[in-house]
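[1] here is a sequence with its predicted model. Questions after.
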Number of protein chains: 2
Amino acid sequence: MRKKTMGLAAAMAMGLAPGAQADEGMWMPSQLPSIGKRLRAAGYQGNPADLADLTRPPLSAVVKVGGATGAFVSGDGLVLTNHHVAFGVIQYNSNPQRDLIQHGFVAGDRAQELPANPDFRLRVTTGFDKVTEQVLAQARGKTGRAYYDAVDAAGKALVAECEREAGYRCSVVNMFYGRDFYLVKQLEIRDVRLVYAPPRAIGNYGDEVDNFVWPRHSGDFTVLRAYVGADGKPAAYARENQPYHPPAHLQIASEGVNEGDFVMLAGYPGTTYRHRTAAEFADQVQWRLPKSVEVMKQLQGVIEDAGRADKQAAIRYASQLQSLKNGIKRFSGELDGLKRSDAVEIRRKDEDAMLAWLGKQPQARTLRPDIDTVAKLIANGNANRERDLLFAILQSQTQLLRSALTLQRFAHERAKPDADRETGYQQRDEELTAGMLKQVQRRYDAAVEKRLLTALLARYQQLPDPQRVPEFDAAFGRTPAELAAALDRVYGATQLGDEAQRLHWLKAAPDEAARSDDALLKLAATLQPALLRIEDQRKERDGELLRLRPAYMQALIAYREQQGRAVYPDANSTLRVSYGKVTPLKARDAVSYSPLTSTAGIVEKNTGVEPFDAPRPLLDAIAKGDYDGYLDKRSGVMPVDFLSNLDTTGGNSGSPVLNAHGQLVGLNFDSNWEAVSASWMFDPRYKRAIHVDMRYMRWLMDKVYPAPQLLKELGVPAR
Amino acid sequence: MRKKTMGLAAAMAMGLAPGAQADEGMWMPSQLPSIGKRLRAAGYQGNPADLADLTRPPLSAVVKVGGATGAFVSGDGLVLTNHHVAFGVIQYNSNPQRDLIQHGFVAGDRAQELPANPDFRLRVTTGFDKVTEQVLAQARGKTGRAYYDAVDAAGKALVAECEREAGYRCSVVNMFYGRDFYLVKQLEIRDVRLVYAPPRAIGNYGDEVDNFVWPRHSGDFTVLRAYVGADGKPAAYARENQPYHPPAHLQIASEGVNEGDFVMLAGYPGTTYRHRTAAEFADQVQWRLPKSVEVMKQLQGVIEDAGRADKQAAIRYASQLQSLKNGIKRFSGELDGLKRSDAVEIRRKDEDAMLAWLGKQPQARTLRPDIDTVAKLIANGNANRERDLLFAILQSQTQLLRSALTLQRFAHERAKPDADRETGYQQRDEELTAGMLKQVQRRYDAAVEKRLLTALLARYQQLPDPQRVPEFDAAFGRTPAELAAALDRVYGATQLGDEAQRLHWLKAAPDEAARSDDALLKLAATLQPALLRIEDQRKERDGELLRLRPAYMQALIAYREQQGRAVYPDANSTLRVSYGKVTPLKARDAVSYSPLTSTAGIVEKNTGVEPFDAPRPLLDAIAKGDYDGYLDKRSGVMPVDFLSNLDTTGGNSGSPVLNAHGQLVGLNFDSNWEAVSASWMFDPRYKRAIHVDMRYMRWLMDKVYPAPQLLKELGVPAR
């Protein structure tokens, strides 16, 4: 007799191939009726047809919050999202005298609610229409850059038309890598205020040590409120604005959930790559993840060093540092997970099987040549991958250089008619960009930025010749000494550290910036042609991929169909729904995690030292044990967080977790470490999502940092 | 409603005070009939009366192996113990050309069995008689040193009388800290041979990373064989010796155990402190453990540094390094555990309650003054604790200096009649000492020893004046420079590195060593008066404690009795029996460990890099999955190790774990990290013992490193 633990490969052999496992899937709402039988079998008590339209309740209560998710939870515009999603808002309102990060915040009444940073946005999806024909009409017959531009132009035209209505933001998204296109229309709320935030040591208890870890004990939630003008329409912050009355809001459940209970989640998962080719899986595991971690760790070290010496710098870079640490841990976990799941090999075998099956089908003749071209394009794109990675990090991890590049790009684009400008540099983008430029003030320190650039450009200087770019070599030299001199010179002779200067250049005439004698603007002007050239090359390839990848997807969908399986599109920041159940995790041999943590675990982990420095009021309340009405009925413990097998990815932060009746029981805020590879592969053995239990939030608001008026508005009054 | 996780304090309030929990207890065999009802209720299927006499089967099959435990498992003298217990034997037979540590060992037949290091001993207990009256007869009426000496002299006389029978070692042990004395008689087997050892990467898979960790995946076992002379009596190694035929041996069970099953264990637990005073608990937690860890870590660093530079030194100090690392982890875990269990506070409250109860009893008048004196003696002993700790470490962690001190002490003692000599320095001890002196050759390197001494004596030099000793100051100076010069001088002018020299001085005339001009012997002669003086002071205090502590124990036993609870004596390296069950562990909030690990976990942990470098034959066998007949019937997995709540401590390594029918199912080899504080306090929430599953051992011997002849002899032939 032979017996082994069933690996994913074995599971696949039994027909449980990736995509087939129960509970996998980030479904477009419109797909839900077609899988309604599975949904009801899983425990959903509502009518799946009610979930098909994201502009109707309950899905219309779900909002996009920055790059993440939240939900309306009261008729007067209260929005619930994660502490880490609203961290910028909390940070914006903090200073050494009034440290809301450290101490949390409870607005005593509406007058005390604090305005968010000016670029903070809530978006409510109000339209989602298929526009494939309109988008592709002019592209058909074209290739490469022309195909890309035609799709881009058609999309921009649709967006411009859509945005004629004031207060709305529109976008065209594509599903299945260019097969289908949708026009998304979103009401954009610009006056958002901070209502309730727990202290850092609750909202981010465990910080990096516990990040992506289960069991977890973090109260990662924050309450905001949406405001609109007196006319009920979106408006910039004004003291006299009124609370927004959303068309729908979620009701917090009176009871909680525990192991085995049905749960579902709606949110805006950012990006997944599950339908990428086998070659892309290999690149990700064998090069991109290890290299990115290496570079980001170096930048983390730079910021931490600087912060130790300078408290002001530490505060300014707190958000960027947190985001870097988050990224490092996520990428490392993704790498571990993909290796553990044997993703490269499994995807390769799956693709081989698909191609073998396709070979026997009539459509092979039309599809196969396109699929082969996709493979070639992907292979060619790897030639400059290290340079491209460094330039991308350079633009995301600097404040002032990024501002200068943005300003020069705006100047460059402003010469064109608005509709022809690059996405992100149109008139419609100026307000958001101005917000970013203002915010630099709170997030920039010249010494830190120079050290970050030194780290990145020293790597660039060591690249082999074919990856190097004349404009960059000219600007930064070829040696560390030349680089240091260049940075000192540029940062010593720029006025962009001044907010008024930055905002001035955003509004300046098209060719004024190009002629500026500000050292950093001049540097950006020097680098811009190179960046535009690289962008052109990328668009040429992207255009071809956009044109040809649908052939790959068409083959895959057909292949899955004959396996009896539905295919959801890879995540792309559009509203998706997943469902599953509260699920324990067997992480390793003989190690099991139960799906509900308790306040006892907060005390167990507490060391008194950050990040395990639970505030005294919380510890006192736990010692007092006054949990009346909040305990988990089945286990008798006071819940903190819970674990489910819901299909999530980045962007799902803050997603409402609903019970079988559609009531709010949790707030998604993380994945477990074993599951961060799920953006590429859903492995049902390990994929879990981590949620704040609403009972913990309510108990905190009732007994620890009381906000009775808020609990009343949430429909769950203090006990 | 209020509800909290029940802590130990709460458990105590409910009557589950320390000592009361089911399954706690290291019982003297003679106590077992009196708790027979509990034993049967727990699942034991035999007659508890059969366990009362440790000279009859099954307990007579249990042997003492060095400072640990083993058991006879065949009629021809096979002994099963841990890989780490027999590590010295494996190391003794290893060299760079034939590395048994790395590759393991399988004796093809009896002729290939390899002799152990000469000082390796097996001891079979054949007598255990109460001798309290004989021991205390001359001591009564005396105090302090005189009391100590009278007890010592009476004990030695009993031992000398007992050891008149050739081949036996005897000792007098005291139970309940001086209340009862027993004469232990043990047959001593001196020819022990290595029969079967797995490679290090199986026997010690996970090494320090997994040490004290559950889940565990180590095959920590080794098979030895006992040999005797042609006359059937113990003899030194001789090729022509014959296998020993023990009076009893254990039978390996055909099936294994799993969660909830009854298990029991017999062995030689070294020392526990559970009945120590509250003040001693406080000293242990607040000073002794943290300080010991600090010093040992420093020595670990010294040895590792040296080993990196010199492979020969690395091999020579492998055993000492392993023991240091073991100690550091154990002490750190003990400290964490005692804090987690709130041991200082609980013991203090327990003692306060006992004293309060005692105050109302008639015996308070006689007991209380003695108990108060014990408290004073303990407080006074703390004045020189740092110096005493350093001197103790200095003598245990050096090879040549320890040899020199031992030789001088022998010379000093040899002037007295044998019966009056200090224990450890009598004629009977010479052979064992000679073995130690021989073994120095394989464990000594001058450069390493000087660096170890430098670390320890630099600490000594910084002690405040009252703790310093003139002889040490004179010998090593008062500054680092003087210390370095002294060590260079002494180690440059000693011949003790030569084995013949060391053995010569052991046999030399009494005053010859004192007059030696060997630099190290001269140093030892200089230091000896100081060490003797310190020893005298300790004995004076120990004598008083020996005289008075029984009053404390008498009060405690009476106090427990009225609570309805039996008291077992603290462990003292005598044979004890504990019973319990295979038990999972809820280590932290939401984290559960199941009590059985599987071969799948070996693969999960494997990195290919030490200590997770499972040998290729093992990995191949796991991949092949040929487990026929060895799988756990209930879970369907191939077992490796299992977890129980058996009451164990250091010395229980290698203890046989028996099922309800007294058959061998496991071999104890470790505790979990959460339980290493159990030598002071048994906390049933965390106390677990870790055992090798006999099914794993049998599978390794059958399929991976086959030894069919051995399996046949063990009564469990290959499948």
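    Cool, got the structure.
[2] buried residues, stretch A:146-154. List them.
    A:147-152, A:154 (16 or more other C-beta atoms under 10 Å in any protein chain shown). Yep, even glycine has a C-beta here, placed from its N, CA and C like the rest.
[3] got it, and stretch A:394-412?
    Quick answer for stretch A:394-412 (16+ other C-beta under 10 Å): A:394, A:397-412.
[4] residues in contact with the closest residue to A:I189 other than its chain neighbours?
    What sits nearest to A:I189 in space, not counting adjacent residues and going by C-beta to C-beta, 6 or more residues apart in numbering or on different chains, is A:L122, at 4.1 Å. By C-beta atoms under 8 Å, 6 or more residues apart in numbering or on different chains, the residues touching A:L122 are A:63-65, A:70, A:79, A:188-189, A:192, A:224, A:226.
[5] which of those lies closest to A:E113?
    A:L224 (8.6 Å; C-beta to C-beta).
[6] please name the bridge partners of that closest one.
    A:V79, A:L194 (DSSP bridges).
[7] re the thing from before, between the buried residues of stretch A:146-154, which is nearest chain B?
    Distance to chain B across these (C-beta to the nearest C-beta) is lowest for A:Y148, with 44.8 Å.
[8] hmm, A:L545 and that closest one touching each other?
    No: with contact defined as C-beta atoms under 8 Å, A:Y148 does not count as touching A:L545 (9.2 Å).
[9] find the closest residue to chain B in the stretch 401-550 of chain A.
    Counting by C-beta to the nearest C-beta, the stretch 401-550 of chain A gets nearest chain B through A:R459, at 27.9 Å.
[10] tell me how far that residue lies from A:Q298.
    From A:R459 across to A:Q298, the span is 8 Å (C-beta to C-beta, to the nearest Å).
[11] could you check which of these two is surrounded by more residues?
    A:R459 (19 against 15; other C-beta atoms under 10 Å in any protein chain shown).
[12] quick check: which element contains the more buried one?
    helix A:446-461 (DSSP states H and E).
[13] does that helix pack against any helices or strands, and if so which?
    Under the contact definition 3 or more C-beta pairs under 8 Å, 6 or more residues apart in numbering or on different chains; DSSP states H and E, helix A:446-461 sits against helix A:289-309, helix A:311-316, helix A:385-397, helix A:400-414, helix A:470-476, helix A:480-492.
[14] surely A:D702 is in a helix?
    Yes: assigned with DSSP: H, G, I helix; E, B strand; the rest coil, A:D702 falls within a helix.
[15] and it, how far is that from chain B?
    Separation of A:D702 from chain B (C-beta to the nearest C-beta, to the nearest Å) stands at 14 Å.
[16] name all residues that make contact with the nearest residue to that residue once chain neighbours are set aside.
    Excluding its sequence neighbours, the residue lying closest to A:D702 (C-beta to C-beta, 6+ apart) is A:A718, at 4.5 Å. Contact analysis of A:A718 by C-beta under 8 Å, 6+ apart lists A:701-702, A:706, A:708, A:711-712.
[17] got the residues of the stretch 501-650 of chain A near chain B?
    A:588-598, A:600-601, A:604, A:624-628, A:631, A:636-638 (C-beta under 8 Å from any C-beta of the partner chain).
[18] what helix or strand does the closest residue to A:V704 other than its chain neighbours sit in?
    Counting by C-beta to C-beta, 6+ apart, A:A621 is the residue found nearest to A:V704 once chain neighbours are left out, at 4.7 Å. Under the criterion of DSSP H and E, A:A621 resides in helix A:616-624.
[19] quick check: next helix or strand after that helix?
    Defined by DSSP H and E, the subsequent element after helix A:616-624 is strand A:639-644.
[20] what packs against that following strand?
    strand A:596-598, helix A:599-605, strand A:689-693, helix A:694-699.
[21] TSV for those, including mean pLDDT and mean neighbour count?
    Rendered in TSV, the data for the helices and strands packed on strand A:639-644 read as follows (pLDDT from 0 to 100; neighbours: other C-beta atoms under 10 Å in any protein chain shown):
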stretch	mean pLDDT	mean neighbour count
strand A:596-598	98	27
helix A:599-605	96	21
strand A:689-693	98	28
helix A:694-699	98	26
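[22] kindly reformat the ones you listed as TSV containing distance to B:A493.
    Shown next, in TSV, are the helices and strands packed on strand A:639-644 (distance: least, C-beta to C-beta, whole Å):
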stretch	distance to B:A493
strand A:596-598	65
helix A:599-605	57
strand A:689-693	67
helix A:694-699	71
